[in-house]
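> following is a predicted model, sequence given first.
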Amino acid sequence: MNALPEHVTIREVALRDGLQIEDPIPLAAKIELLEAVLATGVREVEATAFVSPSKVPTLADAAELTAELPRLRAQFDAEFSALVAGPGGAARAIKAGMGSLEYVVSAADGHSQANVGRSTADSTALIAEIAAIAHEGGASIEVIVATAWDCPFDGPTDPARVVDIVSAATEIGVDRIAIADTIGTATPRRVTDLVGRVRPVIGDLPLGAHFHNTRGAGLASAYAAVQAGVTRLDASAGGLGGCPFAPGATGNIATEDLVYLLRDSGIGVDVDLTAAIAAAEVARQVVGHDLPSALLRAGDRLRR
């Protein structure tokens, strides 16, 4: 176990992962949420995804939202990224002006087939082409390994499959790596074990992690990842989001809950907690239903 880091970077994913299973909302509502998120001081935001509108209709306005980002970048000190599912999406994202791409490879064949209609091997083989599109377009590329711990179709994921994807991505020359608990089944011991296997493979590349709180262990898993040396974590305002392959999923770990945990553990973050709770309230209003965030209900223990 490593000493706790002085700082952890939080990437806000409410605009993409948070909204992907919601009914479509107007672009103006997305901009309202995005501005509330940016007001927290967050430095990295996953803004949208360039994927099939028929599969993810709520993100069909990816190009239109991306056109708003230069204005927001000038106002707030933040960088934006977009998820892509293949070379076509990567090309569209670059054309729209995105400077940072994320490509997801599921470590489990069952989830990979259900999600993108390809095997894990075929998705891994596309990393080189997508990385080339990103780099030739002046953008960075991150490979996110989905179902890194468990698959809703195949069961527990063999850690060797995760390591194989990470090794291939590292050899190709991607800029960042992340491992994702897609359906919210990870627990601290398993997190520590997988991070320990992945970290030596990627050398100096930044390593991120993405957790869902489906079974109540999301924050504990995130903290275990930090203890194991991870300094980049995804989170979503209000805990917005979920996975269509995880029935009953409560969504991503909530940004404000994560900030509360890290702050009281003596770990620096860029996100202001009071502003994060306010952003969670905007997220609740935008989607029109309650969200699972603990701090949205209970507030901070520190009264100002």
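Yep, it's here.

> distance-wise, check Trp206 relative to Leu233.
No Trp there; residue 206 is Pro. To Leu233, Pro206 is 12 Å away according to C-beta to C-beta, to the nearest Å. Where C-beta positions appear, they are placed from N, C-alpha and C, glycine not excepted.

> which one of those two is surrounded by more residues?
Neighbours per residue, other C-beta atoms under 10 Å: of Pro206 and Leu233, the larger number sits with Leu233, 24 against 14.

> tell me the spacing between the residue nearest the centre of the chain and Gly299.
In the chain, the residue lying closest to the centroid (C-alpha atoms, centre = their mean) is Asp234, at 4.5 Å. According to C-beta to C-beta, Asp234 stands 23 Å off from Gly299.

> Val42 now?
Applying C-beta to C-beta, the value for Val42 to Gly299 is 20 Å.

> comparing these two, which residue is more hemmed in?
Neighbours per residue (other C-beta under 10 Å) separate Val42 from Gly299, with Val42 holding more: 27 against 14.

> my guess is that one contacts Ala78, does it?
Yes - counting by C-beta atoms under 8 Å, Val42 touches Ala78, with 6.2 Å between them.

> contact partners of stretch 147-161?
106-111, 114, 120, 162, 179-183, 185-186, 190-191, 193-194, 197, 245-246 (C-beta atoms under 8 Å, 6 or more residues apart in numbering).

> no no, stretch 77-93
Here stretch 77-93 makes contact (C-beta under 8 Å, 6+ apart) with 11, 16, 38, 42-52, 62-63, 66, 69, 72-73, 96, 98-104, 116, 126, 129-130, 133-134, 139, 142, 144.

> try 7 Å
If you take C-beta atoms under 7 Å, 6 or more residues apart in numbering as the criterion, stretch 77-93 is touched by 16, 38, 42-51, 62, 69, 98, 100-104, 116, 126, 129-130, 133-134.

> low-confidence ranges, the stretch 51-200 of the chain, go.
The model of the stretch 51-200 of the chain has no residue with pLDDT under 70.

> so where do the strands sit in it?
Ranges of strands within the stretch 51-200 of the chain are 79-84, 100-106, 140-146, 150-151, 155-156, 176-181, based on DSSP state E, counting those that start in this stretch.

> now the residue nearest to the centre of the chain: which helix or strand?
Using DSSP states H and E, Asp234 maps to strand 232-235.

> ok, now which ones touch Thr250?
Asn213, Thr214, Gly239, Gly242, Pro292.

> Ile177 too?
Val143, Val166, Ala169, Ile202, Leu205, Leu207.

> and the closest residue to the first one other than its chain neighbours, how far is that from Ala180?
For Val143, ignoring the flanking residues on the chain, the nearest one in space by C-beta to C-beta, 6 or more residues apart in numbering is Ala169 at 4.1 Å. Taken as C-beta to C-beta, the spacing of Ala169 relative to Ala180 amounts to 14 Å.

> Tyr103 now?
From Tyr103 over to Ala180 (counting by C-beta to C-beta), the distance is 12 Å.

> for Gly239, same thing?
For Gly239 relative to Ala180 (C-beta to C-beta), the value is 16 Å.

> the more surrounded of the two?
For the pair Gly239 and Ala180, the greater number of neighbours falls to Gly239 (29 against 24), based on other C-beta under 10 Å.

> go ahead and confirm that one touches Thr214.
No - counting by C-beta atoms under 7 Å, Gly239 does not reach Thr214; the two are 10.7 Å apart.

> all set, thanks.
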